[in-house]
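S.K.: Kindly return the folded structure for what I paste below:
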Amino acid sequence: QVQVVESGGGLVQPGGSLRLSCAASGFALDFYSMSWFRQVPGKEREGVACISTSDGMTYYADSVKGRFTISRGNAKNTVYLQMNSLKPEDTAVYYCNAKRGWYNYWGQGTQVTVSS
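M.R.: The predicted structure is shown next:
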């Protein structure tokens, strides 16, 4: 059974850090482009970071560049999103996405709240 599960969200103060994890089962992450998206109520889901399969290139939204890092933990079929210097505007539900050709899998999301 194909499954994508995010974890690691929570409440953090401004300037703090969190690491989100995205664990896959039923398929090998190595062969998929992996992305993190986020969404706040009333707004469209937006791309935050992605990592390619072939060359491991990473891409980031301007709003998180220099603060967030996406990486693969291939040995554990997991992708991570390290989030540093968090701001209140980073508050959202964060979703993991795995894409390869017409295969497109989403997780259920994990809430990140940045507040003092």
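S.K.: Tell me the spacing between the spatially most central residue of the chain and Cys22.
M.R.: With distances taken as Cα atoms, centre = their mean, Trp36 lies nearest the centre of the chain, 3.0 Å away. The gap separating Trp36 from Cys22 is 7 Å, by Cβ to Cβ, to the nearest Å. No exception for glycine: its C-beta is placed from N, CA and C like everyone else's.
S.K.: Likewise for Gly8?
M.R.: For Gly8, the distance to Cys22 (Cβ to Cβ) stands at 9 Å.
S.K.: repeat for Ser115
M.R.: 24 Å.
S.K.: ok, now Ser35?
M.R.: Separation of Ser35 from Cys22 (Cβ to Cβ) stands at 9 Å.
S.K.: before we move on, what about Ala28?
M.R.: Per Cβ to Cβ, Ala28 is found 14 Å from Cys22.
S.K.: Which one's more surrounded, those two?
M.R.: More crowded of Ala28 and Cys22, by other Cβ atoms under 10 Å: Cys22, with 28 against 11.
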